[in-house]
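# Quick check, what structure comes out for this input:
(2 chains)
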Amino acid sequence: MPNSQPDYLSTRHYGTYALITLVMVAAMLAWHAWKSTGNFREYHQQLAVTSVTGAADELEFLLSELQRSMRVFANDKRSLLEEVASDPDNDAIWARLESTVQGHFPEYYGLTLTNRSGDVMRPDFDNEVDELCQRDIHTFIEDGYSQQGYIHPNPMGYHFDVMVPWGDADNPQGVFFLSFPPDILARVLKRIQSPGHALLLLRTDEVDLIEVSGEGTRTELQRDFTLSSDELARILYSRNIPNSRWDLVDLPDKQLFRSEALRNAGYAAVVFCTFAAVGLLMLQQLSRKEQRRLQAEEQALQHQADLAHVDRINIMGEMASGLAHELNQPLSAISTYCQAGLRIIDSFNDKPAKLVHALEQASMQSQRAGEIIRRIRRFTGKGMVRRKPIDINRVIHNAVSYIDTEQKRKGVKLVLELADGLPAAIADEIHIEQVILNLLHNAIEAMFSGSDNTRILRVSSKLASADTLQVTVNDTGPGLDAAMHNSIFDTFYTTKKNGMGLGLAISRSIIEAHGGQLWADPGAGAGATFHFTLSVAAA
Amino acid sequence: MTVQQPTVFLVDDDDAVRDALELLLDSTGLRTAAYPSAAAFLENYDAGHPGCLVLDIRMPAMSGMELQAVLAENSVNIPIIFLSGHGNVPMSARAFRSGAVDFLEKPFDESVLLERIEEAIQLDQSNRDALARQTEASTRVASLTAREREVMLLIVAGHANKEIARKLKLSIRTIETHRGHIMEKTGAQSLADLIELSHASGTR
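I've put the predicted structure just below:
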């Protein structure tokens, strides 16, 4: 049977293909996961830049707005400030100032006023203005009131200070000082920071110290108020707030990128597993199909091997049988001649003892030769015959399938006329198939020996009697003339150039060994017709 | 009827085998008639001639088995000894089923063949004797009148004269007369003779 499947589709390649595909899919998914994680990181980086920039601008605006309002206040209420400056220890006047400031800056925390040299006019007001504040006030003045928004937290209450000069613009009389709680800063951070991100105000001189976060000031933090080296490394974006000692940074959640990476990897893994599972199932199906195909092929090969084996055994048997027949005739004659000679001598009065001995020996030796031939025949005749019920039509189909390509190539029309519902025959399937094949081959060859171009090969089966099946093979070749019809079944008789003259002899031996008959219809010109019969299996 | 000497009919397509067998049978004093083919044998064969048939099983045109079938079809009952150059079991079984006396594989032991031939001739002779007896009896029974045959069958069946008379609505005397004629015409000496004769003739 020709192998029509190209080799690269065989099972052992499926595994390789599947592996290559899986590796490609895995690479694709890994690339996609990596890319997604990268995109996510890039997006959040952008988000960090946007929020830090936005929040920094807003904080800067908030601070400068406070300074502007204070400058306006200092200008508007200059008389009151001068009144306080003229009598700083007057509690009544101070109280008036406090309430006026309260009216304009309801959120203010601490308040003071300095003279030109920066000295606080009321040194102690409940520690709301401490040494740090005073030092800053001095620095502010030394810089010629130019360093705007010189702000810092107060360790006592965590607030930040805002200072403006008061008095004449070109000749300030001192510093008007207000401090505010950092909640207003925290509110800005909280409003602007994105989910998964924290906006933090850090001190410019001590970068790991958190001043304010969205949660509030240092004391209100739910966490350690310093940043670990890990967290410092994680900061996405940082920006200094102009005119301040603060850096605004964006710190993403520890889990943000890791969980995203995990999510992407998980997604890729799920997709990969699904793909691999489906692929494996398909592969399994394919390999099962392939296995079945291989099995069928193997069976066909085994069948062919059986046929070839039976063919060899049969050829050997038939040759031995033919030889035996040919040799047994002269041996028989020799033996009989000797015996006749002995009987003739028996009637003599004076028997030549040596001649008697010679004839006796010759007779015995020919018997011995006959015995040798019998033994060889017994040995070769022992073909493997496995008789069981067979479907004769199936055997015909099998045999026909072997000559299918030959017959099609040569343009022979094949007609099958198989009777339905035939009972099973008792026979050895391989042997019977061999007989049918022999007849089919002979028929095809015969049809090409003549000049007639009509080539029809007809195979039919029928129930010849209640217990006999008959198979007929008919061709449109030249048929059998009388001489051929007489000797066509003889061993070593052939009309073919390369024939051994065994095929039909073997076929007849096989059929006769099955208790059936194989014969040909006589008559030249009408094509040859061969029939054989087989016994029906007992019901 | 002239008594013919039994003849061994030889049919074998192999000239040497045929010649050697002829020589052998000749040396034993047996009459032989040898033919190279089944057709030649059929052409010359007279079924009335006693003897036996030594037949090669495989021959061109008509095989030994086919000849056996033809003879059987024509009710020729000559004993057949088959010779085979390559006997096989199914073939010999079929030959025996169809009434062969023996089946010998070539090369065979001549003494066995001669023995079988002798047996076959005897068998043929006894077959022929039985046939002759049957023919003789039939002829004798055929000479009886219809009424006499009827009475004979009843006698053979074991009925007494009185019973026969009542059955056939005849007088006992008439039956006695018929009985006398029957014994006379058939030549039977006793009732036992008559019974045997009646059976041999196959009269029912």
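# for the record, mean pLDDT for the helix or strand harbouring residue A:278?
Counting by DSSP states H and E, the element that carries residue A:278 is helix A:254-346. Helix A:254-346 shows an average pLDDT of 85 in the prediction.
# excluding its backbone neighbours, what's nearest residue A:343?
Residue nearest to residue A:343 in three dimensions, not counting chain neighbours: residue B:27, with 3.7 Å by Cβ to Cβ, 6 or more residues apart in numbering or on different chains. The C-beta positions use only the backbone N, C-alpha and C, and glycine is treated the same way.
# Oh, that last question was meant for residue B:12, not what I typed.
Closest to residue B:12 by Cβ to Cβ, 6+ apart is residue B:56, at 4.0 Å.
# gap between that neighbour and residue A:396?
35 Å (Cβ to Cβ, to the nearest Å).
# Neighbour count for these two, which is higher?
The neighbour comparison of residue B:56 against residue A:396 (other Cβ atoms under 10 Å in any protein chain shown) goes to residue B:56, with 26 against 21.
# Isn't that one up against residue B:9?
No. With contact defined as Cβ atoms under 8 Å, residue B:56 does not reach residue B:9; the gap is 11.9 Å.
# shared neighbours of the two, anything?
Counting by Cβ atoms under 8 Å, 6 or more residues apart in numbering or on different chains, residue B:56 and residue B:9 have no common neighbour.
# Can you name every helix or strand that the helix or strand containing residue B:18 contacts?
Using DSSP H and E, residue B:18 sits in helix B:15-27. Here helix B:15-27 touches helix A:254-346, strand B:7-11, strand B:31-35, helix B:110-142, going by 3 or more Cβ pairs under 8 Å, 6 or more residues apart in numbering or on different chains; DSSP states H and E.
# Return the mean pLDDT over the third one, rounded to an integer.
By that I understand strand B:31-35. 93.
# That strand near chain A at all?
No. Applying Cβ under 8 Å from any Cβ of the partner chain, one finds strand B:31-35 separated from chain A by no less than 11.6 Å.
# On the C-terminal side of that strand, identify the next helix or strand.
Defined by DSSP H and E, the subsequent element after strand B:31-35 is helix B:38-44.
# now do the longest one
Read in the C-terminal direction, the helix or strand following helix A:254-346 is helix A:353-380, with elements assigned using DSSP H and E.
# So which residue is dead centre in chain B?
residue B:127 (3.4 Å; Cα atoms, centre = their mean).
# For that residue, which non-adjacent residue is spatially closest?
Closest to residue B:127 by Cβ to Cβ, 6+ apart is residue B:77, at 5.9 Å.
# Show the pLDDT at the one you found.
pLDDT, residue B:77: 85.
# List the contacts of the residue of chain B most remote from its centre.
The C-alpha centroid of chain B is most remote from residue B:171, which lies 42.9 Å away (Cα atoms, centre = their mean). Applying Cβ under 8 Å, 6+ apart to residue B:171 gives the contacts residue B:165.
# measure it to residue B:162 for me?
10 Å.
# Now the element after the lowest-mean-pLDDT helix or strand in chain B, going C-ward?
Across the helices and strands of chain B, mean pLDDT, DSSP states H and E gives its lowest value to helix B:89-97, namely a mean of 69. Using DSSP H and E, the helix or strand that follows helix B:89-97 in sequence is strand B:102-105.
# Just give the strands next to that following strand in its sheet, each with its orientation.
strand B:80-84 (parallel) (DSSP bridges).
# does the worst-scoring helix or strand of chain A on mean pLDDT come close to chain B?
Between all helices and strands in chain A, the lowest mean by mean pLDDT, DSSP H and E belongs to strand A:523-524, at a mean of 72. No. When contact is scored as Cβ under 8 Å from any Cβ, no part of strand A:523-524 falls within range of chain B; the minimum is 15.1 Å.
# partners of that strand, with directions?
strand A:479-480 (antiparallel).
# moving C-terminal of the partner strand, what's the next helix or strand?
helix A:482-487.
# Could you confirm whether that following helix reaches chain B?
Yes. Judged by Cβ under 8 Å from any Cβ, helix A:482-487 and chain B are in contact via A:486, A:487.
# Can you identify the element that follows that helix toward the C-terminus?
Scanning onward from helix A:482-487 (DSSP H and E), the first element met is helix A:503-513.
# Leaving out the residues flanking it, which one is nearest to the residue nearest the centre of chain A?
Chain A has residue A:279 as the residue nearest its centroid, 3.8 Å off, counting by Cα atoms, centre = their mean. Leaving aside its sequence neighbours, residue A:279 sits nearest to residue A:18 (Cβ to Cβ, 6+ apart; 5.7 Å).
# pLDDT averaged over the helix or strand hosting residue A:232, what's the number?
Using DSSP H and E, the element containing residue A:232 is helix A:229-234. Averaged over helix A:229-234, pLDDT sits at 88.
# Can you tell me how far residue A:390 is from chain B?
If you measure residue A:390 against chain B using Cβ to the nearest Cβ, to the nearest Å, the figure is 18 Å.
# Might one say that that residue is in contact with residue A:423?
No. Contact criterion Cβ under 8 Å: residue A:390 and residue A:423 do not qualify, at 10.7 Å.
# more neighbours, the two?
residue A:390 (19 against 16).
# Now that one. Nearest residue, chain neighbours left out?
residue A:429 (4.8 Å).
# cool, residue A:175 as well?
residue A:114 (4.4 Å).
# Who is that neighbour paired with across the strands?
residue A:120.
# what pLDDT does it get?
pLDDT, read off for residue A:114, is 87.
# residues making contact with the one helix or strand residue A:460 maps to?
Assigned by DSSP H and E, residue A:460 belongs to strand A:456-465. If you take Cβ under 8 Å, 6+ apart as the criterion, strand A:456-465 is touched by A:392-393, A:396, A:400, A:407, A:412-419, A:422-423, A:436, A:440, A:443-444, A:447, A:469-476, A:533, A:536.
# In chain A, where is pLDDT below threshold?
A:1-12, A:123-130, A:146-157, A:379-385, A:450-452, A:539 (pLDDT under 70).
# Okay, domains of chain A per the record?
Here the domain parsing of chain A from automatic domain parsing is A:77-181, A:257-380, A:388-535.
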